[in-house]
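Asks: Quick one, what's the 3D model for this:
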Amino acid sequence: MERADVLILGGGLVGLTLATALDAHGLTSIVVDPADPNAQLAVGFDGRASAVASAPWRMLQAIGVGAALEGKGCPIETIRVSDGLDASALAFEADPEDGALGRMFENRALRAALRDAAVAAPNVTLLQPARPVATVRDETRVRVTLADGREVSAALLVAAEGRHSPTREASGITVARWSYDHTAIIATLGHADSHHNIAHEIFYPSGPFALLPMLDDETGPRSAIVWTVAQRDAKAMLDLPDRAFLAEAEKRMGGMLGSLRSASPRSSFPLGFHHAARLTDTRLALVGDAAHGIHPIAGQGLNLGFRDVAALVEVLVEGARLGLDPGDAQLLGRYQRWRSLDTLMVAMATDSLTRLFGIPGKPARAVRRFGLGVVSRIPALKQAFMTEARGESGDLPKLLTGSLV
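Replies: As a prediction, this is how the structure comes out:
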């Protein structure tokens, strides 16, 4: 039976980051994931892109992954938030001394860099593809049986399996959840004019339209879009001929980037909210989408998962220095207290924004524009929003400041 300090179920972006961060501090982990890594890293497997905020980016640099990602992400220098195409947009601009607000990466690039780091890490055992079929957690250890009969064991089990986490469901942890009855259409578009490293969040009553800068390729400038549409319209939008789809996208963008071209296949995913009532159980911790799932309105979903990782690693490393077992209830209680309020506040803020900007009518629009104007005119309030966008709010774990624990 293979043994480690931590057993991680789920080898996605959050799970692999956790394993690599634990390795950087001398803690051992076993990562179990059922997906075929060759399929995951194939070109075109996942057309999604993610914004990595500046604080999680510092963590990736601290644990040795940043070097492999240098030059592969597009810096976000400005974020513009507007109610429709109103000219008086709220603009958050990066301070040259602090660096970019974040970086846009293709998920495939993130996945490849993190998997390479995990494979090279001396304290990480990566079992992929491998499917867990039975899990036993008791007061002393965690034991997981795999489909091929192997058994693995650890002091702590971490569920990083995504929003449909079977480990969370089996633990009996209550989850608050609802659907927005909306679908996000995902695509990468090429365009004639430069994006100037500006991300746009354009709110329409039908749903937000996010325009996110990507690195240029051989065909010219590119941006990723996350286009929220009513669930009933999603299939029709996906089935539109390229010319019609691009014409509709150009209307949403107000022609700000010139003529458009398709730069990737389109994909979609349903939008919903879920939040676990607690993040821990006996020798169990939830991270990432297993713990919380939010609307992509502010691009904070992955960054919340990275913040979970940084906090959990700090708790475990400091516990190890005191001679505590990684599954010790005191350590899990500290992780629960540290992360529960932050995740809930971000989740409710994104939910409130989604509902506020979805109210149709002139009175609601007037209120929204007044609110954006107030934020723009009050430096302290504007700075608070920028701090949250960077992932720097609250009690920051050391990894998010760029330092190892």
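
Asks: Mind jotting down where the strands sit in the stretch 1-150 of the chain?
Replies: Secondary structure of the stretch 1-150 of the chain (DSSP state E, counting those that start in this stretch): strands at 2-9, 29-32, 49-53, 74-76, 78-83, 90-93, 102-106, 124-127, 132-137, 142-146.

Asks: Tell me which other helices or strands the longest strand seen in the chain touches.
Replies: Identified as the longest strand of the chain according to DSSP state E is strand 175-191. Contacting strand 175-191 under the criterion 3 or more Cβ pairs under 8 Å, 6 or more residues apart in numbering; DSSP states H and E are the following elements: strand 207-217, strand 220-230, helix 234-239, strand 260-262, strand 267-276. All C-beta spots, glycine's among them, are computed from the backbone N, C-alpha and C.

Asks: Report the buried residues of the second one.
Replies: Taking 16 or more other Cβ atoms under 10 Å as the basis for neighbour counts, the residues of strand 220-230 that come out buried are 221-229.

Asks: how about the helices in the stretch 251-400 of the chain?
Replies: Here the stretch 251-400 of the chain has its helices, by DSSP state H, counting those that start in this stretch, at 301-321, 329-357, 362-377, 379-390.

Asks: Also compute the angle for the first one relative to strand 102-106, please.
Replies: Interaxial angle of helix 301-321 relative to strand 102-106 (axes from the mean of the first three to the mean of the last three Cα atoms, to 10 degrees): 100 degrees.

Asks: Output helix 301-321 as PDB - backbone C-alpha positions only.
Replies: Extracted in PDB, the C-alpha atoms of helix 301-321 (Å, rounded to 0.1, in the frame of the first residue of the first chain):
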ATOM      1  CA  GLY A 301     -13.700  30.700  -9.700                       C
ATOM      2  CA  LEU A 302     -10.200  29.300 -10.300                       C
ATOM      3  CA  ASN A 303      -8.600  32.000  -8.100                       C
ATOM      4  CA  LEU A 304     -10.800  31.000  -5.200                       C
ATOM      5  CA  GLY A 305      -9.500  27.400  -5.600                       C
ATOM      6  CA  PHE A 306      -5.900  28.700  -5.600                       C
ATOM      7  CA  ARG A 307      -6.700  30.700  -2.400                       C
ATOM      8  CA  ASP A 308      -7.900  27.400  -0.900                       C
ATOM      9  CA  VAL A 309      -4.600  25.700  -1.800                       C
ATOM     10  CA  ALA A 310      -2.500  28.500  -0.300                       C
ATOM     11  CA  ALA A 311      -4.400  28.400   3.000                       C
ATOM     12  CA  LEU A 312      -4.500  24.600   3.300                       C
ATOM     13  CA  VAL A 313      -0.800  24.300   2.600                       C
ATOM     14  CA  GLU A 314       0.100  26.900   5.200                       C
ATOM     15  CA  VAL A 315      -2.100  25.200   7.800                       C
ATOM     16  CA  LEU A 316      -0.500  21.800   7.000                       C
ATOM     17  CA  VAL A 317       3.100  23.000   6.900                       C
ATOM     18  CA  GLU A 318       2.800  24.900  10.200                       C
ATOM     19  CA  GLY A 319       1.100  21.800  11.700                       C
ATOM     20  CA  ALA A 320       3.900  19.500  10.600                       C
ATOM     21  CA  ARG A 321       6.400  21.800  12.200                       C
END
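
Asks: Tell me the strands beside the longest strand of the chain, with direction?
Replies: Sheet partners assigned to strand 175-191 using DSSP bridges are listed as strand 220-230 (antiparallel), strand 260-262 (antiparallel), strand 267-276 (antiparallel).

Asks: In TSV, list the ones you listed along with distance to Gly149 and mean pLDDT.
Replies: Converted to TSV, those look like this (distance: least, Cβ to Cβ, whole Å; pLDDT from 0 to 100):
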stretch	distance to Gly149	mean pLDDT
strand 220-230	42	94
strand 260-262	47	94
strand 267-276	31	91
